[in-house]
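S.K.: Sequence first, then the predicted structure, then my questions.
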Amino acid sequence: MHTPHESLGLEQDPRYVANVTGREGLESGIEVSVNPTTGEPIAGVRLDTAETYERTIVEAQDSFKMWRSVPAPVRGEVVRRIGEEMRRLREPLGELESIEVGKIRAEGIGEVQETIDIADYAVGLSRMIGGRTIPSERPAHRMMEQWLPLGLVGVVTAFNFPNAVWGWNAMLAAVCGDVTIWKPSLLAPLTAMATNAIADRVATEMGYPGVFRLVIGTDDEIGELLIADRRVPLISATGSCGMGRHVGQVVAGRLGRCLLELGGNNAVIVDKDADLDLATKSTVFGSVGTAGQRCTSTRRLYVHRSIADELVGRMARAYETITIGDPLAEGTLVGPVIGQRTVDAFRSAIAKAREQGGEVVVGGEIAEPEGLDGWFVQPTIIRAPASNELPISKEETFAPILYVFTYDTIDEAIEMQNSVDQGLSSAIFTESIRTCERFLNPDGSGSDCGLAYVNLGTSGAEIGGAFGGEKDTGGGREAGSDSWKAYMRRQSCTINFGGELRLAQGIRFE
Ligand code: UN1
């Protein structure tokens, strides 16, 4: 139905296999990317092998030696041009995301915008990476710290943000002097190829080939090689908690560095004095946006008892008006989920919720938009039983299901919101400064998540803040603030510019 736009140059990529039937399979070394809207194959991708992986890493080590000696502001200039090229190709690239992962057009384009934003940020950073000067306890000594390029950065991404999550990592890594080895999800290899090709082409034209590298392969083969590779000092991985636990252990086993951005199970609290209009609109976007397939999607809603029926009624009415269908069609708000496994997980979660006493308020079924044979589900709201016991809500199901709970006191609401294993994003709607500050209490007794929003939903972070979460979310931070430090190594330098040996701690050794 839709094909990737020719301006993306996919046809020129030697990995690209046009005219696939969908039956190629892994034995042939070709992975077929499938359009989740129609279930039809889009194109195939020739997979990397242990051999091509090895070659990539060996070559990347040479690229790193070249790149690290390029002054940081010049590296920033390369990133600036990459950002410009992303601007130029924002629409076709965003549309490719719609075709390959089913995001609605606005969200596909918005994701590329997120890469553009982080590129802009990285350009500024390239002139600001600095170290501190620290007073020395000894006369005629200077202490300072400097930040040095780290080396090869392995970036493992999930299907749901096949462009921006790479951008957060690769744009920062590039200005920091590192070479990126990107292993994208096999559910979104075409977006990755198109994205990486833009960066690689710009850098190569400017005389810096090989800074942005892509390895496409299975988790079992290429993923395992990458995470176990001592030549790759940092692995930045996005995906499920289970995946992160494995990656974390393998990387720790070789004393490498890990940046993990794993599952979320994000909640919104709506207090009695909230602006319900704002709370409704924000929570609908948070829970059904990207068909509930963001790590930041809203999965739980805690509502003050006095307004619970009113808010759930408004939400249900909003859900009923949502157009589910072709993500590229005007007016569609919810596209397909990524595949049959998600449909199965959706069904199983709803069955469990029912068994556990949950009541389906709206949705709960497979959706069948006319003429489309892909994987669609209805955005769903489930009310927990009066006991608030609904064990399934502690799990992250990557689908548009929202569980609703009722509370009486804000302390109770915060406790429930913090009662899950994951700690990515959280939000509260209130007009009260006391409630707001209770949620953000600097003593740490409020939200236990890496992201906390007031009068905003749980998804849709700007790149300027550090992005990531606590507990089983993995603790990593990407994008803005001082996240760049993960991509560099710190060196504490002490210079004696006097003529005498002076030992620290006043030790005399004469
Ligand atoms: C993700 O789902 O892995 O905050 C990333 C957001 C986006 C990023 C989501 N800026 O929802």
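M.R.: Done, it's in.
S.K.: host element of the residue nearest the centre of the chain?
M.R.: Geometric centre of the chain, nearest residue: Val165, 4.8 Å, by CA atoms, centre = their mean. For Val165, the element it lies in under DSSP states H and E is helix 164-176.
S.K.: before we move on, back to that, tell me who's in contact with the residue nearest to the centre of the chain.
M.R.: Contacts for Val165 (CB atoms under 8 Å, 6 or more residues apart in numbering) come out as 155, 157-158, 238, 261, 478. All C-beta spots, glycine's among them, are computed from the backbone N, C-alpha and C.
S.K.: again, but for Thr458
M.R.: Residues in contact with Thr458 (CB under 8 Å, 6+ apart) are 264, 266-268, 286, 296-298, 424-427, 451.
S.K.: before we move on, what SS does it have?
M.R.: Counting by DSSP: H, G, I helix; E, B strand; the rest coil, the backbone at Thr458 sits in coil.
S.K.: cool, and Lys272?
M.R.: Under three-state DSSP, Lys272 comes out as coil.
S.K.: now the closest residue to it other than its chain neighbours: how far from the ligand?
M.R.: Excluding its sequence neighbours, the residue lying closest to Lys272 (CB to CB, 6 or more residues apart in numbering) is His304, at 4.2 Å. Separation of His304 from the ligand (CB to the nearest ligand atom, to the nearest Å): 26 Å.
S.K.: and what of Arg245?
M.R.: As judged by CB to the nearest ligand atom, Arg245 and the ligand stand 17 Å apart.
S.K.: and the residue of the stretch 51-200 of the chain nearest the ligand?
M.R.: Nearest residue of the stretch 51-200 of the chain to the ligand (CB to the nearest ligand atom) works out as Phe161 at 4.6 Å.
S.K.: ok, now which ones touch the nearest residue to that residue once chain neighbours are set aside?
M.R.: Of all residues not flanking Phe161 in the chain, Glu111 sits nearest, at 6.2 Å (CB to CB, 6+ apart). Listed by CB under 8 Å, 6+ apart, the contact set of Glu111 reads 94, 97, 103, 161, 163-164.
S.K.: Over to Gly22?
M.R.: Gly22 sits next to 32, 34, 40-41 when contact means CB under 8 Å, 6+ apart.
S.K.: Then Gly464?
M.R.: Per CB under 8 Å, 6+ apart, neighbours of Gly464: 121, 479-481.
S.K.: So which of those residues wins on neighbours?
M.R.: Counting neighbours by other CB atoms under 10 Å, Ala479 leads the contacts of Gly464 with 27 neighbours.
S.K.: quick one: it from Tyr16, how far?
M.R.: 30 Å (CB to CB, to the nearest Å).
S.K.: Over to Arg127?
M.R.: Arg127 sits 37 Å away from Tyr16, going by CB to CB.
S.K.: out of the two, which sits in the more crowded spot?
M.R.: Neighbours around Arg127 and Tyr16, counted as other CB under 10 Å, are more numerous at Tyr16. The numbers are 19 against 12.
S.K.: Not counting sequence-adjacent ones, nearest residue to that one?
M.R.: Leu10 (5.0 Å).
S.K.: about what we covered before: what's the following helix or strand after the helix or strand where the residue nearest to Phe161 lies?
M.R.: When elements are assigned from DSSP H and E, Glu111 belongs to helix 105-125. The C-terminal neighbour of helix 105-125 among helices and strands, as given by DSSP H and E, is strand 133-134.
S.K.: I'd like the average pLDDT over that next one.
M.R.: The predicted model assigns strand 133-134 a mean pLDDT of 96.
S.K.: quick one: strands adjacent to that strand?
M.R.: strand 141-149 (antiparallel) (DSSP bridges).
S.K.: List the pairing partners of the helix or strand following the partner strand within its sheet, with orientation.
M.R.: Of the helices and strands lying after strand 141-149 in sequence (DSSP H and E), the nearest is strand 152-156. Strand 152-156 sits in its sheet next to strand 179-183 (parallel), strand 234-238 (parallel), going by DSSP bridges.
S.K.: Throw the ones you listed into TSV and include distance to Glu85 and mean neighbour count, thanks.
M.R.: Formatted as TSV, the strands paired with strand 152-156 follow (distance: least, CB to CB, whole Å; neighbours: other CB atoms under 10 Å):
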stretch	distance to Glu85	mean neighbour count
strand 179-183	16	26
strand 234-238	23	27
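S.K.: buried ones in stretch 4-20?
M.R.: Under the neighbour-count criterion of 16 or more other CB atoms under 10 Å, stretch 4-20 has 4-5, 8-10, 13, 15-17, 20 buried.
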